[in-house]
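Engineer: Model the following, please.
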Amino acid sequence: MNQDVEVLQREREDLRASRDEVVVLRQECEQLKQALYKAEDANTVLRDKIEEISSHQNPSQKIKHHMKIKQEYNALLEENAKLRKLVSKNSSLESLQDENRHPNRID
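Structural biologist: Got it, this is the predicted structure:
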């Protein structure tokens, strides 16, 4: 009987810890989503700049500027991919924690 109580107390503590972790993960997920939105907005701005710059008259200047924009664009694509992976990872962790909270639940 005493062991059952100890097991229940440990499970209750684990559940509380899991809930706290879910809160933190949700906050991180929201921050990552916001960063992703900002990166996508920056991507749009860069595309607009490319359109604007394509009207340059000096071919050398046009090429240099285009290369700079392309590097910035590629860096944003990489950052965007990393953020998407983190958002996906956080979503997976949340679903695992939901499963841990309800291990006997049948879907």
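
Engineer: which intervals of this structure have sub-threshold pLDDT?
Structural biologist: Residues of the chain meeting the criterion pLDDT under 70: 54-57, 101-107.

Engineer: The most centrally placed residue in it: which element?
Structural biologist: The centroid of the chain falls nearest to residue 87 when counting by CA atoms, centre = their mean (3.2 Å). Element membership for residue 87, per DSSP states H and E: helix 59-101.

Engineer: Leaving out sequence neighbours, find the closest residue to the residue nearest to the centre of the chain.
Structural biologist: Distance criterion CB to CB, 6 or more residues apart in numbering; nearest residue to residue 87, sequence neighbours excluded, is residue 32 at 4.9 Å. Where C-beta positions appear, they are placed from N, C-alpha and C, glycine not excepted.

Engineer: The one you found: what's it in contact with?
Structural biologist: Residues counted as contacts of residue 32 (CB atoms under 8 Å, 6 or more residues apart in numbering) are 83, 86, 87, 90.

Engineer: hmm, try it at 10 Å
Structural biologist: 82, 83, 84, 85, 86, 87, 88, 89, 90 (CB atoms under 10 Å, 6 or more residues apart in numbering).

Engineer: Looking at those residues, which is nearest residue 1?
Structural biologist: Ranked by distance to residue 1 (CB to CB), the contacts of residue 32 are led by residue 90 at 40.0 Å.

Engineer: Contact partners for the nearest residue to the closest one once chain neighbours are set aside?
Structural biologist: Of all residues not flanking residue 90 in the chain, residue 29 sits nearest, at 4.3 Å (CB to CB, 6+ apart). Residues counted as contacts of residue 29 (CB under 10 Å, 6+ apart) are 86, 87, 88, 89, 90, 91, 93, 94.
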